[in-house]
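> dropping a prediction and its sequence here:
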Amino acid sequence: MWDAALIALERFANPLHMGMLMAGVLAGTVIGILPGLGGIACVAILLPFIYTLDVNTAMILLVGSLAVVHTSDTITSVLIGTPGSAAAAATILDGHPLAKQGQEVANAVKLAAEEWNKKGGVLGKKIEVVEADDQGNPQVGVSAAEKVAADPAIMAAVWGITSVTCIPVSEVLDRVNMALISPGCTNPKVTDRGLKNTNRVCARDDAQGPAGAIFAVQDLKAKKIAIFDDGTTGPKGVADEVEKKAKQLGAQPLRYVIRAGDKDFRAILATIPKDVSVIYASLWAPDAALIAKQLPDVGLNVRLIGPDGQFEPVDYIQASGGAAEGNYVSFLVPDLKKIPQAANFVKAFEAKYGPVSSYGPLAYEAANIILEAIKKVGKADRAAVRDAVRATKNYRGILGVPISFDEKGDVTGGVIYFYRVKGSGFEQIKAITVK
């Protein structure tokens, strides 16, 4: 065994073989940078050249290329921007069914960075935006957060729309004093744990849920409410709050749990009593769209109310095939078309990325708050930036209302806005503030 090892080392010491190893590393890095390519593609691309080499040299080339191809692919998905910047905002994408909403978060942060860079950046350097994908999965989110935390150039993070990932991710970032602002993680636990680094620009579930119940009972005159969730942290948290408030208001709540990602909900929908006044579907847009489509199949003709995860014209309205018409969705920002301060943001975002549809405005505000904090601190100091973010008071951006964080990192005075599905979009009809 030792003889074989020594022979292998002698071969790598050969200048020709060492040069071929370096060539393999370079080839693997370049191939890995191309989106969607990995080890199999690497072999396929190098195969014509490999046939011209002797066996030993060919193996050394392959070893060099395959050793780095997957690493370089990961780097491409994570590092975006100009290397060497003193500050960076990490924007995290939620994958799979929520990818569109997660991508809007990323795009809004990039837009904010581009606008700052046109004015010279921050601390005299260009801003780099770092992306990572948590896929709406806590384990994947923790792994992504650890990579972000290990990069000393990253000062703060704009992270997530799913509370189930925000909670463990925030703990990873808290250990390195990195500020986090979430544009859409609404579960109370996100900020109730007393972490110094964790903030959000969105209202909490214990405001959104009660507001949904108030809307159902007082505006829609609901007496019996079927409440759906998928058992995960965010949707279940909203559903719990709806149930609690509905009881206080004298309505009868009925609870149902589905499995996210299923394609046929008719069996459980058929168990809903025919005298139910309204359905509160605490679900993400794809599942809510399917329920809206399948209700007529079980003889139910009732309106749905849903939380912020359904504020998505493609994944909810279009996916429902017209069945969502007249349904109601609560969201965390007012109608941007009615806010003069948002006009430039909407114009710039839509010119570059297409229509604003979900969490983009909140992510844009979060990124600007972080960059203002870095500017105020005047140096690349994570702990100081963390404290400056938490100290944010009366920040005036594009939402038409000042943003301040309380001692827990919650945005003060959170208002819930109710929209009705009309055609291919949402029409704001009411705003409710839950004290």
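Now that the structure is in, tell me what you want to look at.
> now for S330: which residues touch it?
Neighbouring residues of S330 by Cβ atoms under 8 Å, 6 or more residues apart in numbering: 208, 211-212, 215, 305-308, 311, 416-419. In short, each C-beta sits where N, CA and C put it, glycine included.
> L290 belongs to a helix?
Yes - using DSSP: H, G, I helix; E, B strand; the rest coil, the assignment for L290 is a helix.
> show me what contacts it?
Listed by Cβ under 8 Å, 6+ apart, the contact set of L290 reads 263-265, 319-320.
> swap the cut-off to 10 Å and go again
The contact partners of L290, taken as Cβ atoms under 10 Å, 6 or more residues apart in numbering, are 258, 261-266, 269, 283, 319-320, 323.
> could you do E243 as well?
Neighbouring residues of E243 by Cβ under 10 Å, 6+ apart: 209, 213, 225, 227, 229, 251, 253-255, 280, 282.
> which of the residues you listed count as buried?
By neighbour count, with 16 or more other Cβ atoms under 10 Å, those hold 209, 213, 225, 227, 229, 251, 253-254, 280, 282 as buried.
> out of those, who's nearest V333?
G209 (17.7 Å; Cβ to Cβ).
> which SS state does the closest residue to the closest one other than its chain neighbours fall under?
What sits nearest to G209 in space, not counting adjacent residues and going by Cβ to Cβ, 6 or more residues apart in numbering, is E241, at 2.5 Å. Under three-state DSSP, the three-state class of E241 is helix.
> F418 too?
Using three-state DSSP, the structure places F418 in strand.
> list the contacts of it.
211-212, 214-215, 219, 305, 328-331, 426-432.
> now the contacts of L290 in a markdown table, with secondary structure?
Shown next, in a markdown table, are the contacts of L290 (three-state DSSP):
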| residue | secondary structure |
| --- | --- |
| I258 | coil |
| G261 | coil |
| D262 | coil |
| K263 | coil |
| D264 | coil |
| F265 | coil |
| R266 | helix |
| L269 | helix |
| L283 | coil |
| A319 | coil |
| S320 | coil |
| A323 | coil |
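> mind giving me the ChimeraX command for buried ones among those residues?
Per 16+ other Cβ under 10 Å, the buried members of the contacts of L290 correspond to this ChimeraX selection:
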select :258,265,269,283,319,320,323
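> out of the contacts of L290, the closest to P138 would be?
Out of these, the member with the shortest distance to P138 (by Cβ to Cβ) is G261, at 16.6 Å.
> the strands in the stretch 301-435 of the chain, which residues?
303-306, 328-331, 415-422, 425-433 (DSSP state E, counting those that start in this stretch).
> now, which of the buried ones among the contacts of E243 lie within helices?
209, 213 (DSSP state H).
> now, the most widely separated pair of the buried ones among the contacts of E243?
Spatial extent of these (Cβ to Cβ) is set by the pair D229 and A251 at 17.2 Å.
> all strands of the stretch 101-250 of the chain, in order?
Going by DSSP E, counting those that start in this stretch, the stretch 101-250 of the chain shows strands at 128-133, 156-159, 179-182, 198-200, 224-229.
> just put the ones you listed in a markdown table and tack on mean pLDDT and distance to P355.
Listed next are those as a markdown table, based on pLDDT from 0 to 100; distance: least, Cβ to Cβ, whole Å:
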| stretch | mean pLDDT | distance to P355 |
| --- | --- | --- |
| strand 128-133 | 86 | 21 |
| strand 156-159 | 94 | 20 |
| strand 179-182 | 96 | 23 |
| strand 198-200 | 97 | 24 |
| strand 224-229 | 98 | 28 |
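> redo these as CSV? Include distance to D297.
Listed next are the strands of the stretch 101-250 of the chain as CSV, based on distance: least, Cβ to Cβ, whole Å:
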stretch, distance to D297
strand 128-133, 35
strand 156-159, 39
strand 179-182, 37
strand 198-200, 38
strand 224-229, 16
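> ok, back up a step: now for the contacts of E243: which two are most distant?
D229 and A251 (17.2 Å).
> still on that earlier bit, of the contacts of L290, which is the nearest to I154?
Using Cβ to Cβ, these come closest to I154 at G261, 32.2 Å.
> possible to save the contacts of S330 as JSON lines with distance to A150 and pLDDT?
Output for those, formatted as JSON lines (distance: Cβ to Cβ, whole Å; pLDDT from 0 to 100):
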{"residue": "Q208", "distance to A150": "34", "pLDDT": "95"}
{"residue": "A211", "distance to A150": "40", "pLDDT": "97"}
{"residue": "G212", "distance to A150": "40", "pLDDT": "97"}
{"residue": "F215", "distance to A150": "44", "pLDDT": "98"}
{"residue": "I305", "distance to A150": "42", "pLDDT": "98"}
{"residue": "G306", "distance to A150": "38", "pLDDT": "97"}
{"residue": "P307", "distance to A150": "34", "pLDDT": "96"}
{"residue": "D308", "distance to A150": "32", "pLDDT": "92"}
{"residue": "F311", "distance to A150": "34", "pLDDT": "93"}
{"residue": "I416", "distance to A150": "37", "pLDDT": "94"}
{"residue": "Y417", "distance to A150": "38", "pLDDT": "96"}
{"residue": "F418", "distance to A150": "42", "pLDDT": "98"}
{"residue": "Y419", "distance to A150": "41", "pLDDT": "98"}
